[in-house]
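*Asks:* Curious how this folds, go ahead:
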Amino acid sequence: MKNTRKGHFEPRGKLPGFLLKSSVWICILMACSATGQASDRPNILYIFTDDQSIRTVSAYPESHGWVHTPNIDRLANSGIRFTSCYTGAWCQPSRATVLTGLLQHRMESLQVTRYPLCAYDSVALPFFPRVFRKHGYRTACIGKWHLGEDVGAGRDWDYSVIWDRGGPQSNSHAYYENQLVRINGGERRPLGGYSTDRYTDLAVDYIREIKKEDRPWFLWLCYSGVHGPYTEAERHQDRYSDAPETEIPVDIFGPRPTKPDFLRDLTRWEKDENGKPAWFDESVKKYHRAVAALDEGVGRIMQAMEETGQMENTLVVFTSDQGFAWGQHGCREKWLPYDANIVAPLIFSWQGKIVGGQVCNEPVNGADITRTFHTLTGIKPMWEMDGRDLKDLLNNPAGKLASPMLMINTIYVYGGDELLTVLKQDDAVKLVRNDVWAWIMMREGKYKYIRYMRKECIEELYDMEKDPDELTNLAVDPAYSELLLRMRKQTASEFRKRDGEFINYLPVPAEQNFQ
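*Replies:* Here you go, the predicted model:
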């Protein structure tokens, strides 16, 4: 295949005047804040992309053979790559999990007002960066925000440049071009240029300026790529043009006889004159071309870290809000509990602290990452979080955590009280979106258990070692009835430990007696 790739580090374009002055704003804000003694607590650079599947990263064996992400791969080679990261079920609760360490059913007061906008009570639902600030950290957020107009400026963040998706309707979908951003909670102003590159510019500026400070820092860099419409940078429009045709998933059209009834024939794809999914290869390639600027951004940021001498005292974490399915199970979305839909890349890198080139197969989630940030900084969480501490896995990737991994998708319903009300009133319309139903999921060892919040619906059980594509549902096999019952009971027990009273009001699984 002909190499059409360009260099790893692209030159910066010209920023609008107000963003060229962003480094000055950083200096002013830091000068106005209280100073303190230097600490050996680590800086944290948390790179958070959007809708990025592990199949887009060439360090992952699940990636397409033609995928090339040298900078993300380099980061993986310098640290630990996790194979099963369930950061979240979809964009909004995944981001709220980052800030709270909570699963969706415990996010009290969060409400969708006019999607994609929402609102929350910052007292009822506090975010952890404010706690880090009180412990001497400088905190910053750059990029996409999915939690309404309260962007936490001055409360959670010392510095922020945030696309809150508010204002004109056109701004809510401006993932790559024509974004309006808010500096430190101010009025919306044009970001200018290609958003992936502009976020990188801002992050590089921040990293260079924060070096002058004597306190540790936390930067949450939230790229809006690689979300649809998957607009690639102009310089990448020919990338993968001569790559082999993308392999079509075997179950893109179904039927899927062992799946729940609403998923047996689900497909988001139309057939062309040859019986193949129309525009499939073109769509997948476009998606991957948009990843190229993310990879270059990682390279530029790591270069800035090296040039400023901050690699040894900075934990770098790279992940996405969740993955994205391209044809698997008929999908073209996240939302569903299958790995193809929601598993995201996850890399922990810390020069001199984490041995490079390691792989961890233990399933983890987004709340685990937030909980681990607290451990590594020595800051005690100010509320009970749902996450598990991953510190031991960073030292021993072959280890096992004491409790199983949980994930939940309650669509647009947040908080235990609201979920209880919906279930008690049998208000099923609030638990389904675009024919996809709310669910709970548990991973323990090689098995995954799934239960939907839908009446007369069968459960799902998969052996993730023998059937990583989740094609054969073992829950309908009588030989696995005892295992299914055990997994059902254990899942219920684990959620009850996390304020999961809603478990008692879930619809009884089809052909099963909930005990």
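
*Asks:* State the three-state secondary structure for the closest residue to Gly65 other than its chain neighbours.
*Replies:* The spatially closest residue to Gly65, leaving aside those adjacent along the chain, is Pro244, at 7.0 Å (C-beta to C-beta, 6 or more residues apart in numbering). Where C-beta positions appear, they are placed from N, C-alpha and C, glycine not excepted. Of the three states, Pro244 takes coil under DSSP: H, G, I helix; E, B strand; the rest coil.

*Asks:* Give me the neighbour count for Pro244.
*Replies:* Other residues within reach of Pro244 by the criterion other C-beta atoms under 10 Å amount to 11.

*Asks:* roughly how far apart are it and Val284?
*Replies:* To Val284, Pro244 is 12 Å away according to C-beta to C-beta, to the nearest Å.

*Asks:* can you check Trp350 too?
*Replies:* For Trp350, the distance to Val284 - C-beta to C-beta - is 33 Å.

*Asks:* Show me the helices in the stretch 301-450 of the chain, by range?
*Replies:* For the stretch 301-450 of the chain, applying DSSP state H, counting those that start in this stretch gives helices covering 339-342, 366-377, 391-395, 416-424.

*Asks:* Tell me the buried residues in the last one?
*Replies:* Read that as helix 416-424. Gly416, Glu418, Leu419, Leu420, Val422, Leu423 (16 or more other C-beta atoms under 10 Å).

*Asks:* Can you add distance to Asn184 and pLDDT and give those residues back as TSV?
*Replies:* Listed next are the buried residues of helix 416-424 as TSV, based on distance: C-beta to C-beta, whole Å; pLDDT from 0 to 100:
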residue	distance to Asn184	pLDDT
Gly416	33	94
Glu418	32	96
Leu419	35	97
Leu420	38	97
Val422	37	97
Leu423	41	97
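
*Asks:* ok now do Ile503, which residues does it touch?
*Replies:* Going by C-beta atoms under 8 Å, 6 or more residues apart in numbering, Ile503 touches Ala492, Phe495, Arg496.

*Asks:* What is the burial count for the last one?
*Replies:* When counting by other C-beta under 10 Å, one arrives at 13 neighbours for Arg496.

*Asks:* measure it to Tyr414 for me?
*Replies:* Look at Arg496 and Tyr414: by C-beta to C-beta, they are 19 Å apart.

*Asks:* Likewise for the second one?
*Replies:* For Phe495, the distance to Tyr414 under the criterion C-beta to C-beta works out to 16 Å.

*Asks:* which one of these two has more residues nearby?
*Replies:* Each of Phe495 and Tyr414 has its neighbours counted (other C-beta under 10 Å); Tyr414 has more, 25 against 21.

*Asks:* My guess is that one contacts Thr113. True?
*Replies:* No: look at Tyr414 against Thr113 with C-beta atoms under 8 Å: they stay out of range, at 11.8 Å.

*Asks:* Extract the CA atoms of stretch 422-429 and return them as PDB.
*Replies:* The C-alpha trace of stretch 422-429 is given here as PDB (Å, rounded to 0.1, in the frame of the first residue of the first chain):
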ATOM      1  CA  VAL A 422     -39.800   5.700  36.000                       C
ATOM      2  CA  LEU A 423     -39.700   2.000  36.900                       C
ATOM      3  CA  LYS A 424     -42.500   2.200  39.500                       C
ATOM      4  CA  GLN A 425     -44.700   4.100  37.100                       C
ATOM      5  CA  ASP A 426     -43.800   1.700  34.200                       C
ATOM      6  CA  ASP A 427     -42.900   4.800  32.100                       C
ATOM      7  CA  ALA A 428     -41.100   2.700  29.500                       C
ATOM      8  CA  VAL A 429     -40.900   5.400  26.900                       C
END
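
*Asks:* hang on, Gln111 packs against Cys118?
*Replies:* Yes: assessed by C-beta under 8 Å, Gln111 is found in contact with Cys118 at 5.9 Å.

*Asks:* more neighbours, those two?
*Replies:* When Gln111 and Cys118 are compared for neighbours, Cys118 comes out ahead with 19 against 16, by other C-beta under 10 Å.

*Asks:* For that one, name its beta-bridge partners.
*Replies:* Beta-bridge pairing of Cys118 under DSSP bridges involves Val112.

*Asks:* do the same with Met405
*Replies:* Going by DSSP bridges, Met405 forms beta bridges with Arg443.

*Asks:* Use 59 as the first number from now on
*Replies:* All right, first residue 59 from here; so that's Met463.

*Asks:* Listing request: residues of the protein with sub-threshold pLDDT.
*Replies:* The model of the chain has pLDDT under 70 over residues 59-97, 570-573.

*Asks:* Arg113 reaches Ser121, doesn't it?
*Replies:* Yes: taking contacts as C-beta under 8 Å, Arg113 lies within contact range of Ser121: 5.1 Å.

*Asks:* the more surrounded of these two?
*Replies:* Arg113 (25 against 19).

*Asks:* List the residues that contact that one.
*Replies:* Counting by C-beta under 8 Å, 6+ apart, Arg113 touches Glu120, Ser121, His122, Val125, Gly381, Trp384.

*Asks:* Now do the residue nearest to Gly123 against Gly146, distance only.
*Replies:* Taking C-beta to C-beta, one finds Pro302 at 32 Å from Gly146.

*Asks:* wait, Gly224 sits on Pro174?
*Replies:* No: the criterion here is C-beta under 8 Å, and Gly224 misses it with Pro174 at 9.2 Å.

*Asks:* got any residues that touch both of those two?
*Replies:* Ser230.

*Asks:* so where do the helices sit in the stretch 159-308 of the chain?
*Replies:* Taking DSSP H, counting those that start in this stretch to define them, one finds helices in the stretch 159-308 of the chain at 186-192, 253-268.
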